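J.: turn this into a model:
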Amino acid sequence: MEQLLSWISDNQQMIYIVVLMVFVGIEVIGRVPSVLHTPLMSGANAIHGVVIIGAIIVMGKAEADNYPALIFGFLAVILGTLNVVGGFVVTDRMLEMFKSKPKPGKH
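T.: Here you go, the predicted structure:
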């Protein structure tokens, strides 16, 4: 318990920043009109390419016996890839809505 309290006191400023980011993020997202959620989220999901690159770097620099770093790096690569692909799928479906439909009788 004493180690946890020591870690919290050593990283108090980072904890405040993370908590502040959560509240600011909730406020910003809460004020976005629902019409804009899909384009913003599909673009934000594509940014997860940075997560994939970071996870690959962590896995590359991790020692062979550091299993937590390897496992978390692998999970970050898998989940980041799923998020990127999902973002592009959502964007593609969204763009399909704006294509004109062929008129019946004309081929």
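J.: helix or strand right after the lowest-mean-pLDDT helix or strand in the chain?
T.: Here the helix or strand of the chain ranked lowest by mean pLDDT, DSSP states H and E is helix 34-46, holding a mean of 69. Remark: after helix 34-46, the chain's next helix or strand is helix 49-61, criterion DSSP states H and E.
J.: for that following helix, packing partners?
T.: helix 67-96 (3 or more CB pairs under 8 Å, 6 or more residues apart in numbering; DSSP states H and E). (Glycine included, C-beta is placed from N, CA and C.)
J.: pLDDT (mean, whole number) over the helix it packs on?
T.: On average, the pLDDT along helix 67-96 is 85.
J.: that helix vs helix 49-61, what angle?
T.: Going by axes from the mean of the first three to the mean of the last three CA atoms, to 10 degrees, helix 67-96 is angled at 160 degrees with respect to helix 49-61.
J.: would you mark the buried spots in helix 67-96?
T.: Buried residues in helix 67-96, defined by neighbour count with 16 or more other CB atoms under 10 Å: 73, 76-77, 80, 83-84, 87, 90-91.
J.: and these, which is closest to V18?
T.: Lowest distance from V18 to these (CB to CB) belongs to A76, with 17.7 Å.
J.: so who does that closest one touch?
T.: Contacts for A76 (CB atoms under 8 Å, 6 or more residues apart in numbering) come out as 51-52, 54-55, 58.
J.: against F72, how distant is the closest residue to L70 other than its chain neighbours?
T.: Of all residues not flanking L70 in the chain, A62 sits nearest, at 5.4 Å (CB to CB, 6 or more residues apart in numbering). According to CB to CB, to the nearest Å, A62 stands 9 Å off from F72.
J.: what about K99, how many neighbours?
T.: Counted with other CB atoms under 10 Å, residues neighbouring K99 total 7.
J.: what about the residue nearest to L70, how many residues nearby?
T.: Residues lying near A62 (other CB under 10 Å) number 16.
J.: isn't it right up against A69?
T.: Yes: A62 lies in contact with A69 (CB atoms under 8 Å); the separation is 3.8 Å.
J.: what residue is smack in the middle of the protein?
T.: Centroid-nearest residue in the chain, with CA atoms, centre = their mean: H48, separated by 4.8 Å.
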